[in-house]
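Participant: Fold the stuff below for me.
(one chain, ligands or ions: 2)
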Amino acid sequence: MDYLSDERKKSDFDVEAMKVAWAGSIQEFQLSDRMAKLVANDPVFEKFTRPMLGRKELLKNTLRKSAHAWKLIIDLRLSEEEAKWLRLYVDEPAYTDLHWGMFIPAIEGQGTEEQKKKWLPLAKKMQIIGCYAQTELGHGSNVQGLETTATFDTRTDEFIMHSPTLTSSKWWPGGLGKLSTHAVVYARLIVGGQFHGVHGFIVQLRSLEDHSPLPGITVGDIGLKFGNGAYNTMDNGVLRFDHVRIPRNQMLMRVSQVTKEGKIMQSDVPRQLIYGTMVYVRQTIVADASKALSRAVCIATRYSAVRRQFGSRDGGPETQVIDYKTQQSRLFPLLASAYAFRFVSEWLKSLYLDVKQRLEANEFSTLPEAHACTAGLKSLTTTATADGIEECRKLCGGHGYLVSSGLPELFAVYIPACTYEGDNVVLMLQVARFLVKTVSELGHKKPVGTTAYMGRVASLMQKNSAVQTAEGWLNPGAVVEAFESRAARMAVRCAQELAKFGNPEEGFAELAVDLVEVAVSHCQLIVVTKFFEKLQQDIPGKGVKESLEVLCYVYALFLLHKHQGDFLATGYLTPKQASLANAQLRTLYSKVRPNAIALVDSFSYTDHYLGSILGRYDGNVYPKLYEAAWEDPLNDSDVIDGFHQYVQPILKQRLHSAKL
Ligand SMILES: CCCCCCCCCC/C=C\CCCCCCCC(=O)SCCNC(=O)CCNC(=O)[C@H](O)C(C)(C)COP(=O)(O)OP(=O)(O)OC[C@H]1O[C@@H](n2cnc3c(N)ncnc32)[C@H](O)[C@@H]1OP(=O)(O)O
Ligand SMILES: Cc1cc2nc3c(=O)[nH]c(=O)nc-3n(C[C@H](O)[C@H](O)[C@H](O)COP(=O)(O)OP(=O)(O)OC[C@H]3O[C@@H](n4cnc5c(N)ncnc54)[C@H](O)[C@@H]3O)c2cc1C
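Facilitator: Ligands and ions are numbered 1, 2, ... in the order given. Next comes the predicted model:
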């Protein structure tokens, strides 16, 4: 029985076509769909018992799933794209993520042709397992502050890897704790007693025979992390070196080379390329944000249509909680954000692929923008997604707190995204630096790409919004101009404040809070703009483009409402115009309402991937919640272990004293 069938009938667009729009293309949809079903129908990938497992069982279970996934990849000859979807739907962080997601990309991006030829075939056949060992106990954000040393010894043509202090211990790398045989280790290069910056080195950590740590290496897991199950399927590790020697050719040498004689040779490649793996991963994290948020929103939307509270008339049904305006005002902007993040991630991927091609041809001019966009959008989307998942939990009332709702585990596994691959505030400060530089160069350099609007700063500073009615906000030009003006005005105001400081670094530190707000406004502008640009494309299917248009305006006007202080303070909007935007937003929520279930069905998630009783496709929530409660191990018996030992004596004592 489909308890949501009436809801599905209300929608006015072609859901199958929306699935394609969400996936990006028919090919991508088919590929994703095939992998989702492959995982959902395979009992090895069952995940409902995960939160009940102890750490050792949990990790072993992950190893079993990873081995099975690898077998499927080989047996079914899956392509790299198919393997990525498979990993997504298996839905369990594992050492293989860092091997494929960071170790291999680090060698691809920073290795010489010779190094790639030697290491990549071994890694791609998984004959070695690698991780990305950058962060230390004492330093994560400040990469230049890393303390591990790699000292070149001209006599033996080797580097000596060493951890000189406790705080230099590598700390956090995923896959390092128990599984990696190798790591790309980031360390201070020392040649002839001089420090030459931080570089990556391929270091073997464990024996390929018996997996024991090699001499001079101390390695282990850093311990249990937030939440049951969740990220505890990953062996984040600690690593120390005691004068471990590696051959000279294991320094990744695309950026700088060290010769046999101990000479440092700089190539034309900028030093920042050493950070290139982070640019790649940040871009993938933006795509993952839309997946995590859409998953939470799918659960909260379906449940909000099933759940009824108050409002019964003459004994009739009560009101579905999705019909409350307050519920809509919390849920629908998240639904719109999921779509917005999906489309901005699509754009970011194309920007990244373009930069990657240029880098391969030694053309580096677009790297700063790629860094600013990946850092800023990673920060913006992961912050919104982490907050959004928690909001979805609250939108599901008490039942959202049950593990069987799927939301607690999703939250616990997701929130470190705000920290890993760059703390979100630290990353926004990088965007701010990029914007301040752009503003300072306006007189002699035409801004391009995502900062092109800064080139129109004079007119953006003068012109105010012309919107007169609520309908007036349904105009891409009016909305984009509002976001451009706000970002440009805030950036210019900050630049003027900065100019008052004699020392720019001192000014940057003092105004950091305002600078982060400028960066956020710039990144929101990018997301809004890319959503409107997506709508310019040919999007087939009855009503699909129209529904996406509604979501685009919901996303933009919700942000405008939330940050109306900025829009008003910069003088671009009047209070009346801000309140017209809010009125329009209410109308838009009414347009989303009949399509809400169809819009989350369009994510095409299987019940396995959602992992939620509240989010079941058929909406059969109550019987399944009731059934699941009886499957809890506490309900194996009526009288629990420990009762006779610890509780009954107390009861007896009470009875005894009552008699007295
Ligand atoms: C077949 C099977 C297939 C299976 C597929 C599976 C695929 C799985 C995929 C899974 C993918 C991922 C899983 C992810 C799991 C999570 C992993 C988490 C891993 C980590 O966390 S790794 C550690 C990350 N660490 C950080 O991010 C540190 C943050 N800090 C920094 O980035 C920097 O140090 C900094 C804060 C940016 C630097 O500040 P600082 O001012 O000190 O910088 P510098 O002086 O060094 O340089 C300033 C100069 O450089 C520019 N710049 C900085 N960063 C970059 C960059 N990344 N790119 C380009 N340019 C950069 C900066 O703008 C300055 O430029 P300027 O001089 O002003 O022009
Ligand atoms: C689950 C997980 C997996 C990880 N996996 C890996 C991995 O595989 N490999 C790896 O190398 N690392 C990994 N890391 C480490 C991760 O990259 C770092 O934790 C991250 O970069 C943040 O650095 P930090 O811990 O030093 O935070 P800190 O920089 O110490 O942050 C602490 C606080 O200080 C603030 N702060 C720091 N600097 C500034 C500044 N300049 N201005 C203003 N505020 C500032 C931050 O905003 C934050 O509030 C992982 C971390 C986690 C949680």
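Participant: count of neighbours near Leu377?
Facilitator: 28 (other C-beta atoms under 10 Å). For the C-beta atoms, the positions are set from N, CA and C on the backbone; glycine is no exception.
Participant: From ligand 2, how far off is the residue lying closest to it once chain neighbours are set aside?
Facilitator: Spatial nearest neighbour of Leu377, chain neighbours left out: Val286 (4.9 Å); criterion: C-beta to C-beta, 6 or more residues apart in numbering. Note on Val286: its distance to ligand 2, by C-beta to the nearest ligand atom, to the nearest Å, is 16 Å.
Participant: After the strand or helix carrying Val286, which helix or strand is next?
Facilitator: If you go by DSSP states H and E, Val286 is part of helix 276-306. Sequence order places helix 325-360 as the next helix or strand after helix 276-306, per DSSP H and E.
Participant: Just the element for Ala187, please.
Facilitator: Going by DSSP H and E, Ala187 is in strand 182-191.
Participant: Could you name the helices and strands sitting against that strand?
Facilitator: Other helices and strands packing on strand 182-191, by 3 or more C-beta pairs under 8 Å, 6 or more residues apart in numbering; DSSP states H and E, are strand 130-133, strand 149-153, strand 194-204, strand 256-258.
Participant: Next, the buried residues of whatever helix or strand comes next after the third one.
Facilitator: Spelled out, it's strand 194-204. Following strand 194-204 in sequence order, the next helix or strand is strand 217-221 (DSSP H and E). Within strand 217-221, the residues scored as buried using 16 or more other C-beta atoms under 10 Å are Ile217, Val219, Asp221.
Participant: Same question for stretch 5-17.
Facilitator: Those would be Glu7, Ser11, Phe13, Asp14, Val15, Ala17, for stretch 5-17 by 16+ other C-beta under 10 Å.
Participant: Could you verify my assumption that the fifth one touches Val600?
Facilitator: No: in this structure Val15 lies outside contact range of Val600 using C-beta atoms under 8 Å: 10.1 Å.
Participant: I'd like to know which of the helices and strands packed on strand 182-191 lies nearest to Leu559.
Facilitator: Closest to Leu559 of the helices and strands packed on strand 182-191 is strand 130-133 (C-beta to C-beta; 33.8 Å).
Participant: Render the CA-only coordinates of the closest one in CSV, please.
Facilitator: What follows is strand 130-133, C-alpha atoms only, in CSV (Å, rounded to 0.1, in the frame of the first residue of the first chain):
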residue,chain,number,x,y,z
GLY,A,130,47.4,4.6,0.5
CYS,A,131,46.3,7.5,2.6
TYR,A,132,46.8,11.3,2.8
ALA,A,133,48.9,12.1,5.9
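Participant: Show me what that strand is packed against.
Facilitator: By 3+ C-beta pairs under 8 Å, 6+ apart, strand 130-133 packs against helix 95-98, strand 182-191.
Participant: I'd like the ones you listed as JSON lines, with mean pLDDT and distance to Leu63 appended.
Facilitator: JSON lines is the format used below for those (pLDDT from 0 to 100; distance: least, C-beta to C-beta, whole Å):
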{"stretch": "helix 95-98", "mean pLDDT": "98", "distance to Leu63": "8"}
{"stretch": "strand 182-191", "mean pLDDT": "98", "distance to Leu63": "18"}
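Participant: So is the helix holding Val286 next to ligand 1?
Facilitator: Yes: contact of helix 276-306 with ligand 1 (C-beta under 6 Å from any ligand atom) involves Met278, Val279, Val281, Thr284.
Participant: Closest one to Leu137 out of those residues, please.
Facilitator: Once C-beta to C-beta is applied, the member of the residues of helix 276-306 next to ligand 1 that ends up nearest Leu137 is Met278, at 19.6 Å.
Participant: Identify whichever of the helices and strands packed on strand 130-133 lies nearest to ligand 1.
Facilitator: Nearest to ligand 1, of all the helices and strands packed on strand 130-133, is helix 95-98, at 4.2 Å by C-beta to the nearest ligand atom.
Participant: Strands - which of the buried residues of stretch 5-17 land there?
Facilitator: Of the buried residues of stretch 5-17, none are assigned to strands by DSSP state E.
Participant: Need the max-distance pair from these.
Facilitator: Going by C-beta to C-beta, the pair spanning the buried residues of stretch 5-17 furthest: Glu7 and Ala17, at 18.7 Å.
Participant: can you list the residues of the protein near ligand 1?
Facilitator: 73, 80, 83-84, 87, 97, 100-101, 132, 134-135, 140-141, 143-144, 174, 272, 275, 278-279, 281, 284, 367-368, 371, 420-422, 426, 430, 433.
Participant: residue of the stretch 451-600 of the chain with the smallest distance to ligand 2?
Facilitator: For the stretch 451-600 of the chain, C-beta to the nearest ligand atom, closest residue to ligand 2: Ala512, 6.1 Å.
Participant: ok, that residue touching Leu429?
Facilitator: Yes: counting by C-beta under 8 Å, Ala512 does reach Leu429; the two are 6.4 Å apart.
Participant: Going by how many neighbours each has, rank the two and give me the top one.
Facilitator: Leu429 (20 against 14).
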